[in-house]
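Trainee: I would like to see how this sequence folds:
(chains A and B)
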Amino acid sequence: MLIIQLAINGIAVGCIYALVALGLVLIYKATEAVNFAQGDLMMLGAFFALTFISFGGLPFWVGLALAIIGMAAVGMIMERLVLRPILGQPQFAVIMVTIGVGFILRSGATMIPGWGTSSQALPTPFSNQTLDVAGLVMAQEHLAIIGATVILCALLYGFFRHTRFGIAMQAASQNQLAAAYMGIPIKRVSAATWAIAAAVAALGGVLLAPIALVEANMGFVVLKAFPAAVLGGFASLPGAVIGGVVIGLIEVFSGRYISDTARNLAPFVVLLAVLVIRPEGLFAEPKKRRA
Amino acid sequence: MTTMIEVEGLSVAFGGVRAVDQVSFGVEKGEIFSIIGPNGAGKTTVFNLISRLYDATAGRIVFEGRDISRLSADRIAAAGIARTFQNIELFENASVLKNLLLGRHAHRRTSVFSELLFLPKVRRQEIENRSIVEDVIDFLDLAHHRDARVAGLPYGVRKVVELGRALAATPRLLLLDEPSSGLNPEETEDLSFWIRDIRDDLGITVMMVEHDMGLVGRVSDRVLALNEGKVLAVGTPSAVQSNPAVVEAYLGS
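Mentor: Next comes the predicted model:
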């Protein structure tokens, strides 16, 4: 019974990492660069929701929708101001810019009145409620995270696999000049990419809030999402979810059976092992196909 | 004969250099029209102006009676113009088939929601696109490489894949930028047959920038010679090649 309970907790924790990792993979697929600001966009999304719901007194679902729309706008502004000017530059430039944006968002958030440096709780309909099934206790906030992760993964997977726009994003990531001559409006695609990434981050931030509290440094959860994404092969959306769950399970079980400090260490030990043994990740799409 | 594309007084300057200077010419429907000239004559620049990579400082480009001088580059494919590049611009991490299917992108007309649900309309469109792409694969003999990743293919094959992607867009005007560069004599021979077939069988008007005079002479109906951004001569391949101004530009005086 204990093992099943631990597994459920591990999956729930893992889905948080997966949710962040989905944002990383999304940007990676669309730009072939890693977005180091993904965690900070989550933090900003959570603060948006906090502002609308706790300060503004709006119902949760309205606040959530406004936070997502607001963050999509932030993503577009960010693209226009700092990413559009380096469109066509090497991926390395994009990575550096996202690191910079992350710093700005993190320190910027502490300077806004009401947000500040303290931790704040965001009330959600799933906070502090449990569901008992056959002697197993499941927190509703965990169930919400698991459900949202699965739905989001399926949506994004379908989007990249089947939609004209999703395919256009991947084409633009590989060759912008050629993509333009296939009729792909590069600038609009770039703006939409960052809007979607920021909207996904907002959803992640709100789901994370009942567990981690809303504060300027909550974006550091991205450090656990990196191993999840790498484990999944970095370009695979289902891989990111499975990677996240694996990391979550490792964390919970090593924390219970090895020692409490091992829970932060074990995921990275596993990550290093994977990088040595199978550097393309566990679920990478085959890259070295020979003709 | 009807005019496919009409270029009038086209000019562009980079810094102080007039890369293209008051260039005018017309290409008839069904023609194979080549642009020749020494390095730096402005040949590729003319292509980049037509395909809207650069903005002209002066002049007009009229394609099928429509002024395309202010169209953005991503609307060129839908207008009916496809091109290839001197240095091959492919989606390197995708398969040959996916590259060719992307050639169909400008012709896809479905909404995000119907695509996510894979409605019958989307399905029909996918089947149609796939069949056009398979025709191109047969035409260029690419079946053997269909599922290969582009990055691992030899240069000559990638060149053909890029031509295939342009054909998959079912253009009415095809711009080929140095199609024979980097090809061996046998591959160049194949290319010359394909260029003729593209015009004769597919009915596509072809404009080509090319250095290989043998290829130019074999396939072209008319040739335009450029030097230092200016038109030196226009006419049949033999007339242009024997034009004293052209000979002087190539050999120096």
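Trainee: And the strands in the chain?
Mentor: I'll assume chain A. Per DSSP state E, chain A carries strands over the ranges A:130-133, A:136-139.
Trainee: You answered for a different chain; I wanted chain B.
Mentor: Under DSSP E, chain B gives strands at B:3-14, B:17-28, B:32-36, B:58-63, B:66-67, B:81-83, B:173-177, B:205-209, B:222-227, B:230-235.
Trainee: could you redo the ones you listed as JSON lines and give each row mean pLDDT, mean neighbour count and distance to chain A?
Mentor: C-beta: built from backbone N, CA, C; applies to glycine. Shown next, in JSON lines, are the strands of chain B (pLDDT from 0 to 100; neighbours: other C-beta atoms under 10 Å in any protein chain shown; distance: least, C-beta to the nearest C-beta, whole Å):
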{"stretch": "strand B:3-14", "mean pLDDT": "92", "mean neighbour count": "18", "distance to chain A": "17"}
{"stretch": "strand B:17-28", "mean pLDDT": "92", "mean neighbour count": "18", "distance to chain A": "19"}
{"stretch": "strand B:32-36", "mean pLDDT": "95", "mean neighbour count": "25", "distance to chain A": "19"}
{"stretch": "strand B:58-63", "mean pLDDT": "93", "mean neighbour count": "18", "distance to chain A": "15"}
{"stretch": "strand B:66-67", "mean pLDDT": "92", "mean neighbour count": "10", "distance to chain A": "16"}
{"stretch": "strand B:81-83", "mean pLDDT": "95", "mean neighbour count": "26", "distance to chain A": "6"}
{"stretch": "strand B:173-177", "mean pLDDT": "96", "mean neighbour count": "24", "distance to chain A": "10"}
{"stretch": "strand B:205-209", "mean pLDDT": "96", "mean neighbour count": "24", "distance to chain A": "15"}
{"stretch": "strand B:222-227", "mean pLDDT": "94", "mean neighbour count": "23", "distance to chain A": "23"}
{"stretch": "strand B:230-235", "mean pLDDT": "92", "mean neighbour count": "18", "distance to chain A": "26"}
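Trainee: Including distance to residue A:262, could these go into a markdown table?
Mentor: Listed next are those as a markdown table, based on distance: least, C-beta to C-beta, whole Å:
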| stretch | distance to residue A:262 |
| --- | --- |
| strand B:3-14 | 62 |
| strand B:17-28 | 65 |
| strand B:32-36 | 69 |
| strand B:58-63 | 67 |
| strand B:66-67 | 69 |
| strand B:81-83 | 58 |
| strand B:173-177 | 60 |
| strand B:205-209 | 64 |
| strand B:222-227 | 71 |
| strand B:230-235 | 75 |
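Trainee: Which stretch among those approaches residue A:169 most closely?
Mentor: Between residue A:169 and the strands of chain B, the shortest separation by C-beta to C-beta is 21.6 Å, and it involves strand B:81-83.
Trainee: Distance from that closest one to the middle of the chain?
Mentor: 5 Å (C-alpha atoms, centre = their mean, to the nearest Å).
Trainee: so what's residue 30 up against?
Mentor: Went with chain A since none was named. Shown in contact with residue A:30 (C-beta atoms under 8 Å, 6 or more residues apart in numbering or on different chains): A:169, A:170, A:172, A:173, A:189, A:193, A:197.
Trainee: Chain B was what I was after
Mentor: Shown in contact with residue B:30 (C-beta under 8 Å, 6+ apart): B:1, B:4, B:199, B:203, B:205.
Trainee: Where is the longest helix in the chain?
Mentor: Picking chain A for this. helix A:2-31 (DSSP state H).
Trainee: if you could check chain B rather than the one you did, that'd help
Mentor: Taking DSSP H as the criterion, chain B has its longest helix at helix B:120-139.
Trainee: other SSEs contacting it?
Mentor: When contacts are defined as 3 or more C-beta pairs under 8 Å, 6 or more residues apart in numbering or on different chains; DSSP states H and E, helix B:120-139 packs onto helix B:96-102, helix B:112-117, helix B:155-168.
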